[in-house]
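Undergrad: When you get a sec, could you give me coordinates for this:
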Amino acid sequence: MWSIKKNGLSMNTIQRFEELLAGLSKADKAQLLQWMARDLGKAYPGIESTPGVCGGGPCIVRTRIPIWVLVQARNLGMSEADILQSYPSLRAKDLVNTWNYYRAHTNEIDQQITENEVA
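TA: Take a look at the predicted model:
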């Protein structure tokens, strides 16, 4: 049996999902779709929290740059151009994702800023 990785899932896994979906009723599929939409609604592209990386706080993927660092840089008056110049691995869309994440998690990020100012 062959196995090709696609987005972290093997083709065998994807095929199994397709087979399982075929056996579901329309009501079950609708319920599954609602669950997936709720789950995806909590996702922020390009941002992840990984235990053991930067204290487990949200960071820009590929960089280990914490969201709180970028928000604090903006709070201190840095422009987006200045931030991108200071962090060459960042892309403009990373900042868009950061500001969206911050709007949804303001208290969490503000708390991380406060904790890191004291440290």
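
Undergrad: for the lengthiest helix in the chain, the distance to its chain's centre please.
TA: If you go by DSSP state H, the chain has its longest helix at helix 26-41. Remark: helix 26-41 is offset 20 Å from the chain centroid, using Cα atoms, centre = their mean, to the nearest Å.

Undergrad: so what strands line up beside whichever helix or strand comes after it?
TA: Going down the chain from helix 26-41, the next helix or strand is strand 47-49, by DSSP states H and E. The strands beside strand 47-49 in its sheet (DSSP bridges) come out as strand 58-60 (antiparallel).

Undergrad: Average pLDDT for the strand it pairs with, rounded please.
TA: The average of the pLDDT scores along strand 58-60 is 96.

Undergrad: quick one: contacts of it?
TA: 44, 46-50, 53, 65-67, 70, 90, 94, 97-98, 101, 105, 109 (Cβ atoms under 8 Å, 6 or more residues apart in numbering). The way it works is simple: take the backbone N, C-alpha and C, and place the C-beta from them, glycine included.

Undergrad: just the buried members of these?
TA: Neighbour-count burial (16 or more other Cβ atoms under 10 Å) is assigned, among the contacts of strand 58-60, to 44, 46-47, 65-67, 70, 90, 94, 97-98, 101, 105, 109.

Undergrad: Perfect, that will be all.
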